[in-house]
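Q: attaching a predicted model along with its sequence, questions to come.
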Amino acid sequence: MAQRLALQRLLSLPARGPLASHGRAFGTSAGRRNTFNVQDGGDFQDRVVNSPKPVVVDFHAQWCGPCKILGPRLEKLVSKLEGKVLMAKVDIDDHTDLAIEYEVSAVPTVLAMKNGDVVDKFVGIKDEDQLEAFLKKLIGA
């Protein structure tokens, strides 16, 4: 909790240094705009369930080795789709209620959601080709 508050304070500071003159701030790349950390159940409802775009939901944990491999791989592919799909990251230790609601029994678990419904899912780690096929199926490409 203290780390989260410190990070929020850091992110709220005005931009300084070489990046400030270019109108950029920490974490504003295109990939970051399409990927977000779920803050609570209401945030999940607003940004995932009610999203007009398809959403990939990555249920993960800090202590999970495969999650640390899958997460960045998935984020990279989502950013390549340039806004056609969003990615929500849910830490199961912080949001146990969501993990239970969506029947997450192992991590990583990735859900594909469209119009508030789970339309596809996988558990475990996948290579880039498998992830691309998963995303293409979700967006109908």
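A: Yep, that arrived. Numbers count the residues shown, from 1 in each chain.
Q: could you identify the helix or strand that succeeds the host helix or strand of Leu74?
A: Taking DSSP states H and E as the criterion, Leu74 maps to helix 65-80. Using DSSP H and E, the helix or strand that follows helix 65-80 in sequence is strand 86-91.
Q: helices or strands up against that following strand?
A: Strand 86-91 sits against strand 35-37, strand 55-60, helix 65-80, with contacts defined as 3 or more Cβ pairs under 8 Å, 6 or more residues apart in numbering; DSSP states H and E. To be clear about C-beta, it is placed using only N, CA and C from the backbone, and glycine gets the same treatment.
Q: residues in contact with it?
A: Residues outside strand 86-91 that contact it (Cβ atoms under 8 Å, 6 or more residues apart in numbering) are 34-38, 44, 47-48, 51, 53-62, 71, 74-75, 78, 98-99.
Q: ok, back up a step: report the angle between the helix holding Leu74 and strand 55-60.
A: On the basis of axes from the mean of the first three to the mean of the last three Cα atoms, to 10 degrees, helix 65-80 is oriented at 160 degrees to strand 55-60.
Q: show me where this structure has its helices.
A: 2-12, 30-34, 41-44, 65-80, 96-101, 128-139 (DSSP state H).
Q: mind checking which of the contacts of strand 86-91 are buried?
A: Among the contacts of strand 86-91, the ones that count as buried by 16 or more other Cβ atoms under 10 Å are 34-35, 38, 44, 48, 51, 54-61, 71, 74-75, 78, 98-99.
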